[in-house]
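Q: Sequence plus the predicted model coming up.
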Amino acid sequence: MNALSVNNIEVIYDHVILVLKGVSLQVPQGSIVALLGANGAGKSTTLKTISTLLRGERGDVTKGEVRFLGERVDQLTPNELVQRGLAQVMEGRHCFGHLTIEENLLTGAYTRKLSRAQLRDELDRVYRYFPRLKERRNSQAGYTSGGEQQMCAIGRALMAKPSMILLDEPSMGIAPQIVDEIFGIVKDLNANEGVSFLLAEQNTMVALRYADFGYILENGRVVMEGAAHELAANEDVKEFYLGVAGGGRRSFREQKFYRRRKRWLS
Ligand SMILES: Nc1ncnc2c1ncn2[C@@H]1O[C@H](COP(=O)(O)OP(=O)(O)O)[C@@H](O)[C@H]1O
Ligand SMILES: [Mg+2]
């Protein structure tokens, strides 16, 4: 059973700019799937299409459909999606800087009608995964580190008790050891609570270490997909993402054509 199924979606911004050109992807229930690709590839647009936040950005889905747990959800509001168990953590963290960490977490439970005792239990659950947030619970979020703000954003999403989280560039602007700490927690949440994840990342090799499956997006198209360990070991992926010496980075597709051409010529 797929938690999420995105079928052939096409997205246009401002009525003219075609950004997603028929993207399809699946997230099996209980898995971690990475959506990879360079800056501008269309990762955030894909996530916002799924969470229906795109409408706020003059983006239109002109083709395709999105299903969550089998149900067609592309006409729902973001709140209705959260109530069904699909939460999104936007790129760039988005905590309320003037609220404390704990107040931020509490805002994540607003779609649920919980007693004070239940809220306490939910906070404790989040603090078990994020001990750093417990230490910092009375600090104003705006004065905490980038890593702590990212944890706060994920913790807030958890307060809605989602069965699936869309996570946009959790590693952005964060020190490498904290990135590993955050991905480790994602893995724990997945293993212990069965939360499924679709995570968008430019940081390909780190994401593939934690994901089960990956899709590589380029210019609004999926150009490659496979099991994470296979993608991580793939020569084209390694050559492309670990950087070719000099000459800058070619397009992934271009490089494949180039390699094929080389093979024909030799
Ligand atoms: N609100 C918007 N209006 C117009 N173009 C946009 C908007 N958001 C993103 N884009 C364009 O869509 C393309 C994909 O962007 P995005 O989905 O943010 O990529 P990624 O998350 O992979 O970096 C880029 O060319 C970007 O400039
Ligand atoms: Mg993005």
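A: Sure, I can see it. Ligands and ions are numbered 1, 2, ... in the order given.

Q: Could I get the full set of strands for this protein?
A: 2-13, 17-28, 32-36, 59-68, 71-72, 86-89, 164-168, 196-201, 213-218, 221-227 (DSSP state E).

Q: who wins for proximity to Ala141 among those strands?
A: Shortest separation from Ala141 across the strands of the chain is recorded for strand 86-89, at 14.1 Å, computed as CB to CB. In this view, the C-beta of every residue, glycine as well, is placed from N, C-alpha and C.

Q: So what touches the closest one?
A: Among residues not part of strand 86-89, those counted as contacts by CB atoms under 8 Å, 6 or more residues apart in numbering are 4, 47-48, 50-51, 53, 68, 73, 78, 81, 153-154, 156-158, 160, 162-168, 170.

Q: ok, now with 6 Å
A: Defining contact as CB atoms under 6 Å, 6 or more residues apart in numbering, one finds that strand 86-89 is touched by 51, 68, 153-154, 157, 160, 162, 164-167.

Q: Same list (the strands of the chain) but as JSON lines, adding mean neighbour count, distance to ligand 1 and mean pLDDT.
A: Written out in JSON lines, the entries for the strands of the chain read as follows (neighbours: other CB atoms under 10 Å; distance: least, CB to the nearest ligand atom, whole Å; pLDDT from 0 to 100):
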{"stretch": "strand 2-13", "mean neighbour count": "19", "distance to ligand 1": "3", "mean pLDDT": "97"}
{"stretch": "strand 17-28", "mean neighbour count": "18", "distance to ligand 1": "4", "mean pLDDT": "97"}
{"stretch": "strand 32-36", "mean neighbour count": "26", "distance to ligand 1": "8", "mean pLDDT": "98"}
{"stretch": "strand 59-68", "mean neighbour count": "17", "distance to ligand 1": "6", "mean pLDDT": "96"}
{"stretch": "strand 71-72", "mean neighbour count": "10", "distance to ligand 1": "23", "mean pLDDT": "96"}
{"stretch": "strand 86-89", "mean neighbour count": "25", "distance to ligand 1": "13", "mean pLDDT": "95"}
{"stretch": "strand 164-168", "mean neighbour count": "25", "distance to ligand 1": "7", "mean pLDDT": "97"}
{"stretch": "strand 196-201", "mean neighbour count": "25", "distance to ligand 1": "6", "mean pLDDT": "97"}
{"stretch": "strand 213-218", "mean neighbour count": "23", "distance to ligand 1": "7", "mean pLDDT": "96"}
{"stretch": "strand 221-227", "mean neighbour count": "17", "distance to ligand 1": "12", "mean pLDDT": "96"}
